[in-house]
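> Using only what follows, build the 3D model:
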Amino acid sequence: MTVKPFDLFIIGGGVNGCGVARDASGRGLRVGLAEMNDLGSATSSASTKLFHGGLRYLEFFEFNLVRESLEEREILLRAMPHISWPMRFVLPYAPGMVFDPTTPLSRGLRFLMPWLAGRRPAWLIRAGLFLYDHMGGREILPGTRRVDLDRDPVGVPLRKEFTRAFEYSDCWVDDARLVVLNAVDAYQRGATIMPRTKVIQALRVEEKKPMWEIHTQHENGSKQVFYARVLVNAAGPWVTKVIGQLAQQDGQETRADTIRLVRGSHIITHKLFNHPKSYFFLGEDGRIVFAIPYLKDYTLIGTTDVPHESPDEPAVCSPWERDYLCAAVSRYLHRPVEKRDIIATYSGVRPLYEDGAVSATAASRDYFLRLDDAPGAPLLTIYGGKITTYRRLAQAVLTSLEQYFPAMGPAWTGQGAPLPGGDFPVDGFANLVDDLASAYPFAARQLLARLARTYGTMAHQVLAGAKTKEDLGAYFGADIYARELDWSKRHEWVVTAQDFTQRRTKTHLWLEEAQMRAIDAYLQS
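From the prediction side, this is the model:
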């Protein structure tokens, strides 16, 4: 063995893989991570961008998942106040609202209270919100309140038949930046992070100790061989495909649980309402659709739950999903949302653990870990999970591996440890922008606010040494200067314009094709 082995080698650079890399590196383990594309380029950058408990999961009696998610909201909010912040959600109520007929709660009420005929009474919604307020030890976020839609500004965009609503709290998060900041933190703690690097072979070998021999190939064709004591399969939608390849290459039978691939699609429109709160809409089929203020100028609408055939099949919002989302919000808004209002769409594939649920909507969003340790070096496979519980999932992975690393450090990510750039108070964002404006008076406040939202306190590193606007370098549009591109290329593994404008930032919505080509050319130069 010619190279020092890793303790952990992780396949997959989504939120789960990067979360495990961060946690393990912080405990003193030697970590390698390979992602075949850009970090967070699949499911982890295509979520509804919320840290939320999952109010609808109460109808499936997934109380443990909801409690854990609610507890996580404020832990995560404190750790990353630059990319996550509190958000209020308005749930308009009408007596004719119905349940999703597949939920256990719906089936139980049909038996116990047949006179409801599948409808959701207001008292039941209020009871659910009471649980939501009190299950997770809420400290920062305000609780539920009743809303008179005839008097409150949140009622202005809604049809007049909706006269009352409930308002509750959850949190917004920039999902793609969550991934890269976990990777940055892991790297700063000693991890080797390898985007655009595919694992092409992995074999159990016997040296002085059982090891994994891992062969990788970068997109430029270069190949490397690594060794690791434990292999972690965090490949998301490709998780079972990876297990199949490992079993074929290693010659040993490895148990593969089944996953259910579910596509979630979203549409982005120009801003539909002039207030900072989001809507929680119940569709005619009992499913929910969010309408969320997005990047000041837009509204984000989602999501769907549609079976998806293969992880290698591109995730694209279908015409049916587009029309479904338009119809779902148009049922509530006095101005209907039509196809011509849509400026962009995106879709992601959720790899849900197959629990035998009757539909994609009913399938659990909880995670499941499978540890295969016989014979030879162990393999830990991650199934399912949701973005809100990624930190808990990573912690559970390390707990599962304690027997192999008895000297590793204790759990630490829940103890107020901020992600890079998040070392300021939850309510300190405006002060951070003021500090930047004082240090760099030549820069427009809009630019400084975007840098603060993207990099937090690291914005000072991005701008360090700049004395004039000319020091920011070439301008590419949408408040993007060469200095930021240079910093992202050096510190955040940016290679293409798409990496930067769609995942490290969300600036692609303001850029024209010629500007995207110019950014690509600059990064390649």
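> so where do the helices sit in the chain?
Counting by DSSP state H, one finds helices in the chain at the ranges 15-26, 63-79, 104-112, 122-134, 175-188, 239-250, 319-330, 390-400, 429-439, 445-455, 459-463, 482-491, 497-498, 513-524.
> hey, least reliable of those by pLDDT?
Here those differ in mean pLDDT, and the lowest is helix 104-112 at a mean of 72.
> give me every residue that touches I11.
Taking CB atoms under 8 Å, 6 or more residues apart in numbering as the contact definition, I11 lies against 17, 34, 199, 202, 231-235, 242. For the C-beta atoms, the positions are set from N, CA and C on the backbone; glycine is no exception.
> ok, now L282?
Here L282 is in contact with 91, 97-98, 120, 288 (criterion: CB under 8 Å, 6+ apart).
> Mind telling me the two of those residues farthest from one another?
L91 and V98 (14.4 Å; CB to CB).
> D175 contacts A42, correct?
No. The criterion here is CB atoms under 8 Å, and D175 misses it with A42 at 11.2 Å.
> What's the local residue count around A437?
Around A437 sit 15 other residues, with neighbours defined as other CB atoms under 10 Å.
> how near is it to A444?
9 Å (CB to CB, to the nearest Å).
> still on that earlier bit, which one of the contacts of I11 is nearest T381?
Relative to T381, and with distances defined as CB to CB, the nearest of the contacts of I11 is N233, at 4.3 Å.
> Could you pull up the residues touching A439?
460, 463.
> Just give the number of residues close to the residue nearest to R120 when sequence neighbours are not counted.
Using CB to CB, 6 or more residues apart in numbering and skipping the chain neighbours, the partner closest in space to R120 is M97 (4.5 Å). Applying other CB under 10 Å, we find 19 other residues in the vicinity of M97.
> Tell me if I'm right that M97 and A122 touch.
No. Between M97 and A122 there is no contact under CB under 8 Å: 9.1 Å.
> In ChimeraX, how would I select just the buried ones from the contacts of L282?
Buried residues within the contacts of L282, by 16 or more other CB atoms under 10 Å, are selected in ChimeraX with:
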select :91,97,98,120,288
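> Columns distance to G477 on top of the contacts of L282, output as TSV?
Formatted as TSV, the contacts of L282 follow (distance: CB to CB, whole Å):
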residue	distance to G477
L91	38
M97	44
V98	46
R120	47
I288	36
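> Return the member of the contacts of L282 nearest to K49.
Out of the contacts of L282, the member with the shortest distance to K49 (by CB to CB) is I288, at 15.3 Å.
> can you pull the contacts of that closest one?
With CB under 8 Å, 6+ apart, I288 has these contacts: 55-56, 280-282.
> just those residues: which has the poorest pLDDT?
R56 (79).
> Show me the residue sitting in the middle of the protein in space.
By CA atoms, centre = their mean, the chain has its centre lying nearest to D175, at 3.8 Å.
> if I pick that one, what's in contact with it?
For D175, counting by CB under 8 Å, 6+ apart, the contacting residues are 15, 40, 44-47, 49, 387.
> now, which of those sits nearest L369?
Using CB to CB, the contacts of D175 come closest to L369 at V15, 15.4 Å.
> Could I get the contacting residues of the closest one?
Taking CB under 8 Å, 6+ apart as the test, what V15 contacts is 40, 44, 175, 178-179, 182, 387, 390.
> and with 10 Å instead?
For V15, the contact set (CB atoms under 10 Å, 6 or more residues apart in numbering) comprises 39-40, 43-45, 47, 175-176, 178-179, 182-183, 234, 236, 385-387, 389-391, 393-394.
> How about R392?
Per CB under 10 Å, 6+ apart, neighbours of R392: 19, 68-69, 71-72, 75, 367, 385, 413-414.
> if we go to 7 Å?
68, 72 (CB atoms under 7 Å, 6 or more residues apart in numbering).
> What separation is there between it and R67?
11 Å.
> and what of R503?
On the measure of CB to CB, R503 and R67 end up 31 Å apart.
> The two: who's more crowded?
A direct count of neighbours by other CB under 10 Å for R503 and R67 places R503 higher, at 24 against 15.
> and the nearest residue to the more buried one once chain neighbours are set aside, how many residues sit next to it?
Nearest non-adjacent residue to R503, counting by CB to CB, 6+ apart: A176, 4.0 Å away. Residues lying near A176 (other CB under 10 Å) number 25.
> From what I see, A176 and S45 are in contact.
Yes. Contact criterion CB atoms under 7 Å: A176 and S45 qualify, at 3.9 Å.
> Run a quick check on T345 versus I267, I expect a contact.
Yes. At 5.1 Å, T345 and I267 qualify as touching, with contact defined as CB under 7 Å.
> can you map out the strands along the stretch 251-400 of the chain?
259-270, 278-282, 288-294, 298-302, 306-307, 342-353, 367-372, 379-384 (DSSP state E, counting those that start in this stretch).
> Distance to K469 added to the ones you listed, as TSV?
Formatted as TSV, the strands of the stretch 251-400 of the chain follow (distance: least, CB to CB, whole Å):
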stretch	distance to K469
strand 259-270	30
strand 278-282	36
strand 288-294	29
strand 298-302	28
strand 306-307	47
strand 342-353	30
strand 367-372	47
strand 379-384	46
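> tally of neighbours for G53?
29.
> How about the one 3 residues further on?
Counted with other CB under 10 Å, residues neighbouring R56 total 21.
> Likewise for H218?
So H218, with other CB under 10 Å, has 15 neighbours.
> In this structure it contacts R196, no?
Yes. Counting by CB under 7 Å, R196 is a contact partner of H218 at 6.0 Å.
> any idea how far G456 lies from G422?
Counting by CB to CB, the gap from G456 to G422 is 5 Å.
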